[in-house]
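Undergrad: Curious how this folds, go ahead:
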Amino acid sequence: MRQLTVTIPDSFYETFISFFKHIPDVSIDENVSNEVPLWQQEMVLERMKNAKPEDYIDWEDFEKEMDKKWQ
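TA: Model (predicted):
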């Protein structure tokens, strides 16, 4: 037997699951532990939309700031 990991749009989820439920010997394990809640996705998108270029910093600069802070 083989195992498959699939990422699908939320709008297609019910159709996808209902199709596979009818196949013998298929087990469906939903891994929701890594799922980001919709409210959090919306919050991040809103913050990104409202962010200004000066709100962003380079990864290297951030890393240096964190090194100073935690040393």
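Undergrad: and stretch 10-29, which residues are buried?
TA: Within stretch 10-29, no residue is scored as buried using 16 or more other C-beta atoms under 10 Å. (Each C-beta comes from the backbone N, C-alpha and C, glycine too.)
Undergrad: any weak-confidence spans in this structure?
TA: Applying pLDDT under 70 to the chain flags no residue at all.
Undergrad: Would you map the helices across it?
TA: Assigned by DSSP state H, the chain shows helices spanning 13-21, 38-50, 59-70.
Undergrad: among those helices, which is nearest Leu4?
TA: Ranking these by proximity to Leu4 (C-beta to C-beta) places helix 13-21 first, at 10.0 Å.
Undergrad: okay, that closest one in CSV with CA atoms only?
TA: Taking C-alpha atoms only, helix 13-21 is exported to CSV below (Å, rounded to 0.1, in the frame of the first residue of the first chain):
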residue,chain,number,x,y,z
TYR,A,13,-12.2,19.3,0.5
GLU,A,14,-15.7,17.8,1.0
THR,A,15,-15.8,16.6,-2.6
PHE,A,16,-12.4,15.1,-2.3
ILE,A,17,-13.1,13.3,0.9
SER,A,18,-16.4,11.9,-0.2
PHE,A,19,-14.8,10.4,-3.3
PHE,A,20,-12.1,8.6,-1.4
LYS,A,21,-14.4,7.4,1.4
